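*Asks:* what follows is a predicted protein model with its sequence.
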Amino acid sequence: MSVRVRFAPSPTGALHIGGIRTALYNYLFARQHGGTFILRIEDTDQNRYVPGAEQYIIEALRWTGLVPDEGVGFGGDKGPYRQSDRKAIYQKYAHDLVRLGHAYYAFDTPEELERLREAEANFTYNHRTRPSLQNSLTLPVEAVQRHLAEGKPSVIRLKVEPDKSIRIEDLIRGEVVFQSSELDDKVLLKADGMPTYHLANIVDDHLMGITHVIRGEEWLPSTAHHVLLYRGFGWEGTMPRFAHLPLILKPEGNGKLSKRDGAKFGMPVFPLAWAGPTPEESFPGFREAGFLPEATINFLALLGWHPGGDQEMFSMDELVQAFSVEHIGKSGARFDYEKAKWFNQRYIQATDNAALADMIRPMAEAKGYRTDSQFLADVAGLMKERVTFLPDFVEQGYYLFEPVRTYDNEMLQKRWNPALQPAFEAVIEQFGSESPFEAVHLEPAMKRFMADSGIKPGDILPLLRLALAGTMKGPGVFEMAAVFGKEETVRRLSAALAHFLGE
RNA sequence: GGCCCGUUCGUCUAGGGGUUAGGACACGUCCCUUUCACGGAUGAAACACGGGUUCGAUUCCCGUACGGGCUACCA
């Protein structure tokens, strides 16, 4: 049977980076087995639905390259893939389960249950308490019929039989055992007619032919209920295998990574920026920060999984090859932003200049800078080994785009000396006569010229740098000169000399 | 509180009954470089604790501690 896996997020806002990792592992597993990767939108909670979240999820998957084979926005013949469009299906199955004796109607109001929980801290709706509550197991048949006919608000609950051991063979954790007596009678169908996660999930996974459920660890405790549902429906024979992923933890302190941690620690925790109704509900994204999708994926892949060995850099194809559920770690992984930055740096270094030019162009454009391909590619070549993020090219390399307006005064005081004027002028003149104007020629030629003229490179080189860039940081003097070209180089040097002379 | 899961350098991790416990990020030092980086070399840095089992346990078992998750008509 061919592998079918799904990524099933809830459109309650921006999808954080942990969600992308879950999608990634599902994707890798599907690709490796020649299987199908499905996107299902779990929007069964009307109250938490956030407009735009679904589009965000799809865009985030496209950006990271985790493109589904089937699902909302991607076609497929097992749809619809949006749970709110499947309401009638769940209702049918919920009622089937009642008929089969594995579920029942319950009429207790949320308020009544709330009171019970307040009265008894550990109150649970289960095999012990249900005989004293308002449901189709305790009420006379006529009363149940009447309530149903009158449309009295009701839910359908799973009838968990006590005294049974439920064993789950988790692909990551091995055998996990639960005692049914400790399980509650989970609500399957809510009073508004929508299913809860538990019902919708099992029905959909079954109907969509899902073979492996790879999801976050927060679902491990309810997996026992899910097994009971498969049994209740008589689907145990085709029940998917489960793999529960460890969670991603906060960069510092305790607990799992949350939305707010981005602002708290000054780093993005979302793949894409999210514009909420208020600044507090808006979040920065990896994409907007200037991460390459490949770097983001490589970083996430290794957060909780490693194939063994010492390899750090993995292309998507290599990940597909190397991936295995057995090598997923069991403990939570702390979100390590420094490592993410390092990956990005490595990927930028490994990207060719022409491709970088295309990525930089919008940023150069926004600043009103030159945007021709050759120049941007040259800038990329000069800066790629000293940047971390894409915007750094134009932000740190501003002097490549703009004329120098200010010179590092401290360095100027230290390096400039009026006695150097003739040497500096000679060097400017020599630059003007060099050809070809390329770094490989310029560097030896100029150094030879200085040696022949009795000019100490140590006196002049720092000044040339200052003259060309205004700052002591940056690419090699001759490399910059070559990118500027003869005319611009001489212009910058002359302008700088005038400034050095106090004009 | 109850149930479930986990625990190797600060972080991500490899490993696995006998190893100098390996790599990467971050950090220190040095080299390269008359800048800043890249790169190279090198250093400091870990098997939570207590009992077993065993000739031998970081590795297997049991406890304890600590961490995490769940405990909604949320997912």
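*Replies:* Noted; the coordinates are in hand. Just so it is clear, the model here is predicted, and its values are computed rather than measured.
*Asks:* quick check: what element follows the helix or strand that contains A:Arg361 along the chain?
*Replies:* A:Arg361 belongs to helix A:353-366 when assigned by DSSP states H and E. Remark: after helix A:353-366, the chain's next helix or strand is helix A:373-383, criterion DSSP H and E.
*Asks:* neighbours of the residue nearest to A:Gln430 when sequence neighbours are not counted, how many?
*Replies:* Using C-beta to C-beta, 6 or more residues apart in numbering and skipping the chain neighbours, the partner closest in space to A:Gln430 is A:Phe449 (4.9 Å). In this view, the C-beta of every residue, glycine as well, is placed from N, C-alpha and C. Using other C-beta atoms under 10 Å, A:Phe449 has 17 neighbouring residues.
*Asks:* which phi and psi does A:Phe449 have?
*Replies:* Per-residue torsions, A:Phe449: phi -60, psi -40 (degrees, to the nearest 10).
*Asks:* how about A:Phe178?
*Replies:* According to degrees, to the nearest 10, A:Phe178 has phi -120, psi 150.
*Asks:* if it is in a bridge, with which residues?
*Replies:* A:Ile166 (DSSP bridges).
*Asks:* in the stretch 401-503 of chain A, which spans are helices?
*Replies:* Assigned by DSSP state H, counting those that start in this stretch, the helices in the stretch 401-503 of chain A fall at A:409-415, A:421-433, A:439-453, A:457-469, A:477-500.
*Asks:* what about the closest residue to A:Leu188 other than its chain neighbours, how many residues nearby?
*Replies:* By the measure of C-beta to C-beta, 6+ apart, the closest residue to A:Leu188 outside its immediate chain neighbours is A:Leu199, 4.1 Å from it. Per other C-beta under 10 Å, the neighbour tally for A:Leu199 reads 27.
*Asks:* ok, A:Gly65 next?
*Replies:* Counted with other C-beta under 10 Å, A:Gly65 comes out at 13.
*Asks:* same question for A:Thr278.
*Replies:* 6.
*Asks:* swap in the one 5 residues further on?
*Replies:* Residue neighbour count, defined by other C-beta under 10 Å, stands at 22 for A:Phe283.
*Asks:* tell me the pLDDT of it.
*Replies:* Per-residue confidence (pLDDT) for A:Phe283: 93.
*Asks:* could you do A:Ala60 as well?
*Replies:* Taking A:Ala60 on its own, its pLDDT is 98.
*Asks:* shouldn't it be in contact with A:Ile17?
*Replies:* No: counting by C-beta atoms under 8 Å, A:Ala60 does not reach A:Ile17; the two are 9.6 Å apart.
*Asks:* how about the helices of the stretch 401-503 of chain A, which one is nearest A:Arg241?
*Replies:* helix A:477-500 (55.6 Å; C-beta to C-beta).
*Asks:* which regions of chain A lie under the pLDDT threshold?
*Replies:* A:503 (pLDDT under 70).
*Asks:* how about the strands in it?
*Replies:* Ranges of strands in chain A, per DSSP state E, are A:4-7, A:36-39, A:70-71, A:103-106, A:155-158, A:165-170, A:174-179, A:187-189, A:212-216, A:241-245, A:248-249, A:333-334.
*Asks:* can you add distance to RNA strand B and give those strands back as CSV?
*Replies:* Formatted as CSV, these follow (distance: least, C-beta to the nearest atom of the strand, whole Å):
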stretch, distance to RNA strand B
strand A:4-7, 11
strand A:36-39, 13
strand A:70-71, 14
strand A:103-106, 7
strand A:155-158, 5
strand A:165-170, 8
strand A:174-179, 4
strand A:187-189, 3
strand A:212-216, 8
strand A:241-245, 7
strand A:248-249, 6
strand A:333-334, 3
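*Asks:* mind putting these into TSV with distance to A:Gln430 and mean neighbour count?
*Replies:* What follows is these, written out as TSV (distance: least, C-beta to C-beta, whole Å; neighbours: other C-beta atoms under 10 Å):
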stretch	distance to A:Gln430	mean neighbour count
strand A:4-7	63	26
strand A:36-39	62	25
strand A:70-71	65	23
strand A:103-106	90	24
strand A:155-158	86	25
strand A:165-170	73	14
strand A:174-179	74	12
strand A:187-189	84	24
strand A:212-216	65	21
strand A:241-245	63	21
strand A:248-249	58	23
strand A:333-334	56	17
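*Asks:* now render those strands as CSV, adding distance to A:Met383.
*Replies:* Output for the strands of chain A, formatted as CSV (distance: least, C-beta to C-beta, whole Å):
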stretch, distance to A:Met383
strand A:4-7, 36
strand A:36-39, 37
strand A:70-71, 39
strand A:103-106, 63
strand A:155-158, 60
strand A:165-170, 47
strand A:174-179, 49
strand A:187-189, 57
strand A:212-216, 39
strand A:241-245, 37
strand A:248-249, 31
strand A:333-334, 31
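*Asks:* on that earlier part again, is the helix holding A:Arg361 anywhere near RNA strand B?
*Replies:* No: figure legend: helix A:353-366 not in contact with RNA strand B (C-beta under 7 Å from any atom of the strand); closest approach 14.6 Å.
*Asks:* quick one: that helix to helix A:373-383, angle?
*Replies:* In terms of direction (axes from the mean of the first three to the mean of the last three C-alpha atoms, to 10 degrees), helix A:353-366 departs from helix A:373-383 by 100 degrees.
*Asks:* now do helix A:353-366: everything it contacts.
*Replies:* A:292, A:348, A:351, A:370-371, A:373, A:376-381, A:384, A:390-391, A:393-394, A:401 (C-beta atoms under 8 Å, 6 or more residues apart in numbering).
*Asks:* so which bits of that helix are buried?
*Replies:* Across helix A:353-366, burial judged by 16 or more other C-beta atoms under 10 Å covers A:Asn353, A:Leu356, A:Ala357, A:Met359, A:Ile360, A:Arg361, A:Met363, A:Ala364.
*Asks:* neighbours of the residue lying closest to the third one once chain neighbours are set aside, how many?
*Replies:* The one in question is A:Ala357. Leaving out its chain neighbours, the residue that sits closest to A:Ala357 by C-beta to C-beta, 6+ apart is A:Leu376, at 3.6 Å. Residues contacting A:Leu376 under the criterion other C-beta under 10 Å number 26.
*Asks:* show me the residues around A:Leu376 that make contact.
*Replies:* A:Leu356, A:Ala357, A:Asp358, A:Ile360, A:Arg361, A:Ala364, A:Arg370.
*Asks:* what sits against the nearest residue to A:Thr124 once chain neighbours are set aside?
*Replies:* Nearest non-adjacent residue to A:Thr124, counting by C-beta to C-beta, 6+ apart: A:Asp184, 4.4 Å away. With contact taken as C-beta under 8 Å, 6+ apart, A:Asp184 is in contact with A:Thr124, A:Tyr125, A:Asn126, A:Val160.
*Asks:* could you work out the most separated pair of the buried residues of helix A:353-366?
*Replies:* A:Asn353 and A:Met363 (15.4 Å).
*Asks:* residues of the stretch 251-400 of chain A that sit close to RNA strand B?
*Replies:* So the stretch 251-400 of chain A meets RNA strand B at A:254-256, A:302-306, A:308-310, A:312, A:327, A:329-334, A:336, A:338-339, A:341-342, A:345-346, A:349, A:385-386 (C-beta under 7 Å from any atom of the strand).
*Asks:* tell me which of these fall in helices.
*Replies:* A:Glu338, A:Lys339, A:Lys341, A:Trp342, A:Gln345, A:Arg346, A:Gln349 (DSSP state H).
*Asks:* going along the chain, name the helices of the stretch 51-200 of chain A.
*Replies:* Under DSSP H, counting those that start in this stretch, the stretch 51-200 of chain A gives helices at A:53-64, A:87-99, A:110-119, A:141-150, A:197-207.
*Asks:* good, wrapping up.
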